[in-house]
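1. Next one to model:
(2 chains)
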Amino acid sequence: QVQLQESGPGLVKPSETLTLTCTVSGDSINSDDYYWSWIRQPLGGALEYIGYIYHSGPTHYNPSLENRVSISIDSSRSQYSLHLNSVTAADTAVYYCVRGVNYVAVDHWGQGLLVAVSS
Amino acid sequence: DVVLNQSPLSLPVAPGYPASITCTASQSLLNRARGHTYLAWFHQRPGQSPRRLIYKIFNRDPGVPDRFSGSGSASHFTLRISRVEAEDVGIYYCMQGTHWPYNFGQGTKLEIK
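-> Numbers count the residues shown, from 1 in each chain, chains lettered A, B, ... in the order given. A predicted model of the protein is given here:
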């Protein structure tokens, strides 16, 4: 059973860069069957798809965040990371790393990590 | 971008009674190249991560009780619970994975009467 675990700071200052890492276990991050996603949820709010990456490198970013976001992958560590720059209070949310299955849908979610943007 | 509208946004249901949530998309979610419609349903309990219940309109995930069923086509979809139980409380989201950016409905909060 695949497991995903988010890690990173719980507090980031405005205008700084938010960096989170997801560690994948129980399945291969190198599988061609999967893509590796980030989804966020403001407290009490709805879910927003940030973007995803394939193990080979191609990425897709939500146009609403495209000028501030990047996702990278380190297959040797079975990890992938989210980088969101120039953060504001509007970026305060629970951030989830999520596995996607090609031609099906996202399925397994990490437990989520609350990140607050505040000085 | 595709807009997903869920209805109702709040759904009080007595135990043992049925419940129904609709999800309407602003355009068809059929992927013509693959012949599949990438519409999924998720359930999120308070303080927990979402859990997928249904994928590609009507396919139930392993371990999901058969009282949950999905139906629909093109841009209109429904999640039905045949007999609501106390553990079904939480927020239900539909999600489309056909058109980028993928996105979710606003959520429907199910509560037990």
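2. alpha carbons only for contacts and neighbour counts from here, please
-> Fine.
3. Okay, and the residue lying closest to A:Ser56 once chain neighbours are set aside sits in which element?
-> Once flanking residues are discounted, A:Ser56 sits nearest to A:Asn30: 7.7 Å by C-alpha to C-alpha, 6 or more residues apart in numbering or on different chains. Taking DSSP states H and E as the definition, one finds A:Asn30 inside no helix or strand.
4. Need phi/psi at the spatially most central residue of chain A.
-> Nearest to the geometric centre of chain A sits A:Trp38, at 2.7 Å (C-alpha atoms, centre = their mean). Note on A:Trp38: backbone dihedrals following degrees, to the nearest 10 are phi -120, psi 130.
5. and if you look at B:Ala86?
-> phi -60, psi -30.
6. next one: B:His36
-> According to degrees, to the nearest 10, the main-chain angles of B:His36 amount to phi -120, psi 160.
7. what are the bridge partners for it, then?
-> For B:His36, the beta-bridge assignment (DSSP bridges) gives partners B:Asn31.
8. That one against B:Phe58, yeah?
-> No - between B:His36 and B:Phe58 there is no contact, the gap being 11.4 Å when judged by C-alpha atoms under 8 Å.
9. Give me the more crowded residue out of these two.
-> Neighbour tally, B:His36 and B:Phe58, criterion other C-alpha atoms under 10 Å in any protein chain shown: the higher count belongs to B:Phe58, 20 against 17.
10. Could you tell me which residues make contact with that one?
-> B:Ser69, B:Gly70, B:Ser71 (C-alpha atoms under 8 Å, 6 or more residues apart in numbering or on different chains).
11. could you redo the last one with a cut-off of 6 Å?
-> For B:Phe58, the contact set (C-alpha atoms under 6 Å, 6 or more residues apart in numbering or on different chains) comprises B:Gly70, B:Ser71.
12. Next, count neighbours for B:Pro15.
-> B:Pro15 has 15 nearby residues by other C-alpha under 10 Å.
13. Confirm that it sits in a helix.
-> No - counting by DSSP: H, G, I helix; E, B strand; the rest coil, B:Pro15 falls outside a helix, being coil.
14. And it, how close does it get to B:Val89?
-> To B:Val89, B:Pro15 is 10 Å away according to C-alpha to C-alpha, to the nearest Å.
15. what's the answer for B:Thr22, then?
-> 17 Å.
16. circling back to that earlier point, give the bridge partners for the residue nearest to the centre of chain A, please.
-> Bridge pairing for A:Trp38 (DSSP bridges) gives the partners A:Gly51, A:Cys97.
17. That one touches A:Cys97, doesn't it?
-> Yes - in this structure, A:Trp38 is within contact of A:Cys97 by C-alpha atoms under 6 Å, at 4.7 Å.
18. How about the contacts made by A:Gly44?
-> A:Gly44 sits in contact with no residue, where contact means C-alpha under 6 Å, 6+ apart.
19. so where is chain A shaky, pLDDT-wise?
-> For chain A, applying pLDDT under 70 flags no range at all.
20. which parts of it sit against chain B?
-> With C-alpha under 6 Å from any C-alpha of the partner chain as the criterion, chain A comes near chain B at residues A:Ala46, A:Tyr49, A:Asn62, A:Asp107, A:Gln111.
21. Quick check: the residue lying farthest from the centre of chain B vs chain A, distance?
-> Using C-alpha atoms, centre = their mean, the residue of chain B lying farthest from its centre is B:Ala33. It sits 23.8 Å away. To chain A, B:Ala33 is 11 Å away according to C-alpha to the nearest C-alpha, to the nearest Å.
22. Would you mind listing what in chain B touches chain A?
-> Contacts of chain B with chain A, taken as C-alpha under 6 Å from any C-alpha, map to B:Ser49, B:Arg52, B:Pro101, B:Asn103, B:Gln106.
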